[in-house]
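Engineer: Whatever this is, show me its structure:
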Amino acid sequence: MEQFRPLSGFFEAIKSDGRICISHIGLYATLVQYWQEHHFVNPFQAFSYEVTGMAKISANTYHKCIRDLHDFGYINYEPSFKRNQRSKVQLLYLAE
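Structural biologist: Residues are numbered from 1 along each chain as shown. This next block holds a predicted model:
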């Protein structure tokens, strides 16, 4: 069960946050999976299409939820605004 530890801090933080919906949770879980698949580098870089495919969400939902997670303080997100450059994501609730 060691592989699920990175989610525990996030789930503890969202317990009383009514702004978080299932799309936010799914996106955050997908970001954790992406982080694990890319050698645990934090912050990491990703294209939105790589994450939306894994999360099974639309591009519109991705952009709304990733901005929300950033604004709510669960991640740091720096969009690249360039088609050939990945955006930077930092997970803030990784268990240590």
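Engineer: what about the helices in the chain?
Structural biologist: Listed from the start of the chain, the chain has helices (DSSP state H) covering 5-14, 22-37, 48-55, 59-71.
Engineer: which one of the ones you listed is the most hemmed in?
Structural biologist: Mean neighbour counts were compared across the helices of the chain using mean count of other Cβ atoms under 10 Å; the top stretch is helix 22-37, at a mean of 18. Quick note: C-beta positions are derived from backbone N, CA and C, even for glycine.
Engineer: Okay, now stretch 66-80: how far is its last residue from its first?
Structural biologist: With Cα to Cα, to the nearest Å as the measure, the ends of stretch 66-80 fall 13 Å from one another.
Engineer: So that it lines up with my notes, have the first residue be 41 from now on.
Structural biologist: All right, first residue 41 from here; so that's stretch 106-120.
Engineer: which residues are contacting that stretch?
Structural biologist: Contact partners of stretch 106-120, identified using Cβ atoms under 8 Å, 6 or more residues apart in numbering, comprise 50, 53-54, 57, 59-60, 64, 67-68, 71, 83, 88, 126-133.
Engineer: Likewise for stretch 88-101?
Structural biologist: 63, 66-67, 69-71, 73-74, 102-103, 105-106, 127.
Engineer: Distance-wise, check the residue lying closest to residue 104 once chain neighbours are set aside relative to residue 79.
Structural biologist: Here the nearest residue to residue 104 in space, its sequence neighbours aside, is residue 63; by Cβ to Cβ, 6 or more residues apart in numbering that works out to 8.0 Å. Noted for residue 63: a distance of 27 Å to residue 79, by Cβ to Cβ, to the nearest Å.
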